[in-house]
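Student: mind folding the following:
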Amino acid sequence: MPSSGRGCSRRATAVRAAFWIGLAWCILAGLVLAVGIPLSFILIGIPLLILGKAMLALGAVWYGLRCVVGVIHLAQGDAYPRPYALLV
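Tutor: You can find the predicted model right below:
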(Lines give C-alpha, C1' and ligand atoms only; values in the text may rest on other atoms or scores of the structure.)
Protein backbone atom coordinates (compact mmCIF):
# COMPACT_ATOMS: atom_id res chain seq x y z
CA MET A 1 0.00 0.00 0.00
CA PRO A 2 1.52 3.35 -1.00
CA SER A 3 2.20 5.89 1.71
CA SER A 4 0.27 9.13 1.62
CA GLY A 5 2.20 12.20 0.67
CA ARG A 6 2.30 15.59 2.26
CA GLY A 7 -0.62 16.79 0.13
CA CYS A 8 -2.91 14.02 1.36
CA SER A 9 -1.95 14.73 4.95
CA ARG A 10 -2.75 18.44 4.55
CA ARG A 11 -6.07 17.62 2.88
CA ALA A 12 -7.02 15.33 5.74
CA THR A 13 -6.04 18.06 8.20
CA ALA A 14 -8.18 20.56 6.28
CA VAL A 15 -11.17 18.20 6.29
CA ARG A 16 -10.84 17.57 10.03
CA ALA A 17 -10.48 21.30 10.75
CA ALA A 18 -13.52 22.12 8.59
CA PHE A 19 -15.56 19.47 10.38
CA TRP A 20 -14.72 20.68 13.89
CA ILE A 21 -15.08 24.38 13.04
CA GLY A 22 -18.40 23.68 11.32
CA LEU A 23 -19.61 21.59 14.24
CA ALA A 24 -18.71 24.30 16.74
CA TRP A 25 -20.50 26.90 14.59
CA CYS A 26 -23.63 24.73 14.35
CA ILE A 27 -23.65 24.15 18.11
CA LEU A 28 -23.38 27.90 18.68
CA ALA A 29 -26.21 28.56 16.22
CA GLY A 30 -28.27 25.83 17.90
CA LEU A 31 -27.78 27.47 21.28
CA VAL A 32 -28.92 30.81 19.87
CA LEU A 33 -32.00 29.10 18.43
CA ALA A 34 -32.63 27.23 21.68
CA VAL A 35 -32.68 30.52 23.57
CA GLY A 36 -34.73 32.26 20.88
CA ILE A 37 -37.53 29.68 20.60
CA PRO A 38 -38.96 30.06 24.12
CA LEU A 39 -38.38 33.81 24.08
CA SER A 40 -40.24 34.14 20.77
CA PHE A 41 -43.50 33.42 22.58
CA ILE A 42 -43.19 36.83 24.22
CA LEU A 43 -41.86 38.34 20.97
CA ILE A 44 -38.37 39.23 22.21
CA GLY A 45 -36.81 36.07 20.82
CA ILE A 46 -37.70 36.70 17.19
CA PRO A 47 -34.39 38.50 16.48
CA LEU A 48 -32.57 35.54 18.03
CA LEU A 49 -34.45 33.15 15.74
CA ILE A 50 -33.48 35.23 12.73
CA LEU A 51 -29.87 35.37 13.93
CA GLY A 52 -29.74 31.62 14.54
CA LYS A 53 -31.13 30.83 11.11
CA ALA A 54 -28.72 33.28 9.49
CA MET A 55 -25.83 31.66 11.38
CA LEU A 56 -26.86 28.22 10.12
CA ALA A 57 -27.16 29.52 6.55
CA LEU A 58 -23.76 31.23 6.69
CA GLY A 59 -22.23 28.09 8.16
CA ALA A 60 -23.62 26.02 5.30
CA VAL A 61 -22.28 28.48 2.72
CA TRP A 62 -18.85 28.50 4.42
CA TYR A 63 -18.72 24.71 4.54
CA GLY A 64 -19.78 24.37 0.90
CA LEU A 65 -17.24 26.95 -0.22
CA ARG A 66 -14.51 25.23 1.77
CA CYS A 67 -15.41 21.90 0.13
CA VAL A 68 -15.35 23.43 -3.36
CA VAL A 69 -11.93 25.00 -2.73
CA GLY A 70 -10.68 21.63 -1.45
CA VAL A 71 -11.92 19.84 -4.56
CA ILE A 72 -10.25 22.46 -6.77
CA HIS A 73 -6.92 21.94 -4.99
CA LEU A 74 -7.39 18.17 -5.21
CA ALA A 75 -8.04 18.35 -8.97
CA GLN A 76 -4.93 20.47 -9.46
CA GLY A 77 -2.86 18.07 -7.38
CA ASP A 78 -1.85 20.80 -4.93
CA ALA A 79 -1.73 20.54 -1.16
CA TYR A 80 -4.34 22.53 0.71
CA PRO A 81 -2.56 25.87 1.33
CA ARG A 82 -3.85 26.77 4.82
CA PRO A 83 -5.70 23.87 6.44
CA TYR A 84 -6.42 25.65 9.75
CA ALA A 85 -7.57 28.96 8.28
CA LEU A 86 -11.10 30.02 9.17
CA LEU A 87 -11.61 31.77 5.88
CA VAL A 88 -11.14 29.80 2.71
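
Student: where do the helices sit along the protein?
Tutor: Secondary structure of the chain by DSSP state H: the helices cover 6-39, 46-76.

Student: so, low pLDDT: which residues of the protein?
Tutor: Where the chain drops to pLDDT under 70, the residues are 1-7.

Student: check contacts around the most centrally placed residue in the chain.
Tutor: Per C-alpha atoms, centre = their mean, the C-alpha nearest to the average position across the chain is that of residue 22, at 3.0 Å. When contacts are counted by C-beta atoms under 8 Å, 6 or more residues apart in numbering, residue 22 is found next to 59, 62, 63. Backbone N, C-alpha and C define where each C-beta goes, glycine included.

Student: ok, 7 Å please
Tutor: The neighbourhood of residue 22, defined by C-beta atoms under 7 Å, 6 or more residues apart in numbering, consists of 59, 63.

Student: equivalent analysis for residue 66, please.
Tutor: 18, 88.

Student: and the gap between residue 65 and residue 38?
Tutor: Residue 65 sits 33 Å away from residue 38, going by C-beta to C-beta, to the nearest Å.

Student: meant to ask about residue 15, not that
Tutor: Residue 15 is 36 Å from residue 38, where distance means C-beta to C-beta.

Student: which one's more surrounded, those two?
Tutor: residue 15 (15 against 10; other C-beta atoms under 10 Å).

Student: roughly how far does the closest residue to residue 80 other than its chain neighbours sit from residue 60?
Tutor: What sits nearest to residue 80 in space, not counting adjacent residues and going by C-beta to C-beta, 6 or more residues apart in numbering, is residue 14, at 4.1 Å. To residue 60, residue 14 is 18 Å away according to C-beta to C-beta.
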